[in-house]
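> I would like the atomic coordinates for the input below:
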Amino acid sequence: MPKSNLYARIYAVVKEIPQGRVATYGRIARMVEGATPRIVGYAMAATPDGEGIPWHRVINARGEISPRANGAPDPRQRERLLAEGVAFNARGKIDLAHYGWERNPFDESF
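Model (predicted):
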């Protein structure tokens, strides 16, 4: 399957994440046939500008913003999540039980 088709399906799922909610790389991967958490991470890193893909709503399974190539989390991601009302605890983690998003199980898979 071409990478562009897989990325397009990943982006379609990420666009479903509502404001003020987050999803993990693994959760997105389970929703998209052929995806793995690592592939979802690659797709988020390659997110095209201007297409309305809320890349900032995708976090790691520990409830944290993953470090980028420079070893530090992208501060823009934290700023955007805070602006949407997502709270971080003192250790920089998001409560996935509270802010985690799950797709309606009756929606079709990608």
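> Excluding chain neighbours, give the residue nearest to the most centrally placed residue in the chain in space.
The residue lying closest to the centre of the chain (Cα atoms, centre = their mean) is residue 58, at 1.6 Å. Computed as Cβ to Cβ, 6 or more residues apart in numbering, the closest residue to residue 58 that is not its neighbour in sequence is residue 44, at 5.3 Å. Backbone N, C-alpha and C define where each C-beta goes, glycine included.
> Which strand or helix spans that neighbour?
Using DSSP states H and E, residue 44 sits in helix 37-45.
> again with residue 23
Here residue 23, judged by DSSP H and E, is contained in strand 23-24.
> What separation do you get for residue 36 and residue 47?
Using Cβ to Cβ, to the nearest Å, residue 36 is found at 17 Å from residue 47.
> neighbour-wise, which of those two wins?
Between residue 36 and residue 47, counting by other Cβ atoms under 10 Å, residue 47 is the more crowded of the two (16 against 13).
> looking at it, the more buried one is touching residue 56, isn't it?
No - the pair residue 47 / residue 56 is not scored as a contact, 9.6 Å apart, by Cβ atoms under 8 Å.
> still on that earlier bit, show me what the helix or strand just after the helix holding residue 44 is in contact with.
Following helix 37-45 in sequence order, the next helix or strand is strand 58-59 (DSSP H and E). With contact meaning Cβ atoms under 8 Å, 6 or more residues apart in numbering, strand 58-59 is reached by 14, 17, 22, 23, 24, 25, 28, 40, 44, 65, 66, 94.
> quick one: which of those residues is most hemmed in?
Busiest of the contacts of strand 58-59 [other Cβ under 10 Å] is residue 28, holding 28 neighbours.
> May I ask which helix or strand encompasses it?
Secondary structure from DSSP H and E places residue 28 in helix 25-31.
> elements contacting that helix?
The helices and strands touching helix 25-31, judged by 3 or more Cβ pairs under 8 Å, 6 or more residues apart in numbering; DSSP states H and E, are helix 3-14, helix 37-45, strand 58-59.
> Could you give the separation of that helix from the chain centroid?
Centroid separation for helix 25-31 versus its chain: 9 Å, with Cα atoms, centre = their mean, to the nearest Å.
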